[in-house]
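Visitor: Would you be able to build a 3D model of this:
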Amino acid sequence: MSRNKSLKSGQAGFFFLDFLMIVLLVVNLAWIVFDWLFEFELIRGYLYGLAPDFTEMYASTVHPRFILIDLMFVSVFLTEFFIRWAMAVYQRLYHRWFFFPFIHFYDLLGCIPVGGFRFLRLLRIISITYRLQKHGLIDLSDTAVFRFIRKYHGILIEELSDRVTINILSDIQREVRTGGPVVDRIVNEVVMPQRDSLVEWMSHRIEKVANDNYDGYREDIREYVQERINTALDENDEFARLELIPVFGSVVRNTMEKAISDMVFSVINGIMQDLASRRNRVLINEVADVLFDAILLKEEDSELNQLVVDTVDRSLEIVKQQVSVQQWKLRDLAEDEDHFRELLRDELMNADAEADDPHKNSRQG
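Guide: I've put the predicted structure just below:
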């Protein structure tokens, strides 16, 4: 369907032109290789033994005119190149009209009738084939050659991109370690613009923690407050003199201990309930805002500054380790494992089939 669509949209002529170019390029490259091999005496002797008339004709007529005949191919290639350039300009495929020869430089270099430049014409075959595949005019996705090229093209791109990424991350790590502007830029350009959202998030977390967890620790907090107040009162000499009051000394002491403990716990309980209440969101936001500012004022706290640097540095190191993992090897191992399982499954099925075949077993007996 995609082929018919491309042909109906006016691409039929270019399809046949591309097909013709592939045929000419294959013939031209095969002839170049043949003429190069013809230079060797051993090859000429072998060909003479197989086809003496053809060998003599080629040696006297074609081989001396190799450059001239190759220039005939080059003229066809250049004509096709200029036609595609004109169509690219007409269709405005590129930002400037002169971009085309720079992008397809290998086509021009392949037209140079000198030495190794001729074999750059192989790149033209690849580019034309890719173009036909891209437009759906041909389908080579199930061929072994296409799978081979796609696999190792992916490996090459992955290796190159991994190296570039690791180098970039290493540069960022060096800037972080040496006090470069990266951390400041992250704070000023990433964190600070999100200040309100982060403060809101911190306020929500404080409210949620207070609301969800306080009830479970209420009695523990009460016992802790009671213990701390008792310890403080026992160490207070003035409060100890209350026991010297005749008859009512111990009662007064115990009553005051309980009253102080209840008051302190009531204050703490009220604070936690206020934190868990949406009515006090303004106060919570102000508290979170102060905490946020305290965290960002790293220049006043060298320990916190070093902690931030170490955290960023370690995070980048983990990212580098993940990037350096060669995913294509893992894919190959997975494919090999799946292939091994298929072979093992086939072997087991064949063994079961042989065991269930009584005629075969009787013949073996």
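
Visitor: after the strand or helix carrying residue 69, next one along is what?
Guide: Here residue 69 sits within helix 66-91, counting by DSSP states H and E. Toward the C-terminus, helix 66-91 is succeeded by helix 99-103 as the next helix or strand (DSSP H and E).

Visitor: For residue 112, what are phi and psi?
Guide: Here is the backbone geometry of residue 112 (degrees, to the nearest 10): phi -70, psi 120.

Visitor: Give me the below-cutoff pLDDT ranges for the stretch 201-350 of the chain.
Guide: Where the stretch 201-350 of the chain drops to pLDDT under 70, the residues are 203, 206-207, 209-217, 236-249, 252-253, 271-308, 325-340, 343-344.

Visitor: Determine the set of other helices and strands touching the helix holding residue 69.
Guide: helix 12-38, helix 99-103, helix 105-110 (3 or more C-beta pairs under 8 Å, 6 or more residues apart in numbering; DSSP states H and E). Where C-beta positions appear, they are placed from N, C-alpha and C, glycine not excepted.

Visitor: what helices or strands is the second one leaning on?
Guide: Applying 3+ C-beta pairs under 8 Å, 6+ apart, one finds that helix 99-103 makes contact with helix 66-91.

Visitor: So what would you say the end-to-end distance of stretch 38-58 is?
Guide: End-to-end distance of stretch 38-58 (C-alpha to C-alpha, to the nearest Å): 9 Å.

Visitor: Show me what it is in contact with.
Guide: 37, 59, 63 (C-beta atoms under 8 Å, 6 or more residues apart in numbering).

Visitor: okay, those in JSON lines with distance to residue 75 next?
Guide: Formatted as JSON lines, the contacts of stretch 38-58 follow (distance: C-beta to C-beta, whole Å):
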{"residue": "37", "distance to residue 75": "25"}
{"residue": "59", "distance to residue 75": "25"}
{"residue": "63", "distance to residue 75": "20"}
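
Visitor: okay but residue 177 is in contact with residue 309, surely?
Guide: Yes. Using C-beta atoms under 8 Å, residue 177 is in contact with residue 309, at 6.8 Å.

Visitor: Tally up the residues packed near residue 90, please.
Guide: 9 (other C-beta atoms under 10 Å).

Visitor: mind giving me the domain split of this protein?
Guide: Residue ranges for the domains of the chain, per automatic domain parsing: 2-139, 190-303, 327-364.

Visitor: Which one (most neighbours) among the contacts of stretch 38-58?
Guide: Result: residue 63 is most packed of the contacts of stretch 38-58 (other C-beta under 10 Å), 16 neighbours.

Visitor: for it, what are its contacts?
Guide: Applying C-beta under 8 Å, 6+ apart to residue 63 gives the contacts 35, 38.

Visitor: cutoff 10 Å now
Guide: Residue 63 is in contact with 34, 35, 38, 39, 44, 55, 57, 69, counting by C-beta atoms under 10 Å, 6 or more residues apart in numbering.

Visitor: same deal with residue 263?
Guide: Neighbouring residues of residue 263 by C-beta under 10 Å, 6+ apart: 225, 229.

Visitor: farthest pair in the contacts of residue 63?
Guide: Spatially, the most separated pair among the contacts of residue 63 is 44 and 69, at 18.5 Å (C-beta to C-beta).

Visitor: burial count for residue 107?
Guide: With neighbours defined by other C-beta under 10 Å, the count for residue 107 comes to 22.

Visitor: so who does the spatially closest residue to residue 264 that is not a sequence neighbour touch?
Guide: With C-beta to C-beta, 6 or more residues apart in numbering as the criterion, residue 264 has its nearest non-adjacent residue at 5.3 Å, and that residue is residue 225. Residues in contact with residue 225 (C-beta under 10 Å, 6+ apart) are 260, 261, 262, 263, 264, 265, 266, 267, 268, 269.

Visitor: Relative to residue 319, which of these is nearest.
Guide: Distance to residue 319 across the contacts of residue 225 (C-beta to C-beta) is lowest for residue 268, with 43.2 Å.

Visitor: Would you confirm that the closest one contacts residue 220?
Guide: No. With contact defined as C-beta atoms under 10 Å, residue 268 does not count as touching residue 220 (11.7 Å).

Visitor: Looking at the two now, which is surrounded by more residues?
Guide: More crowded of residue 268 and residue 220, by other C-beta under 10 Å: residue 268, with 16 against 9.

Visitor: Could you give the number of residues near residue 28?
Guide: Residue 28 has 20 nearby residues by other C-beta under 10 Å.

Visitor: Tell me, how many residues neighbour residue 310?
Guide: Using other C-beta under 10 Å, the number of residues around residue 310 comes to 12.

Visitor: ignore the last one, residue 124
Guide: A total of 21 residues lie near residue 124 under the criterion other C-beta under 10 Å.

Visitor: Find the residue closest to it in space, skipping its chain neighbours.
Guide: residue 107 (5.5 Å).

Visitor: Could you report the distance from the one you found to residue 233?
Guide: From residue 107 across to residue 233, the span is 95 Å (C-beta to C-beta, to the nearest Å).

Visitor: swap in residue 87?
Guide: Distance from residue 87 to residue 233, by C-beta to C-beta: 97 Å.
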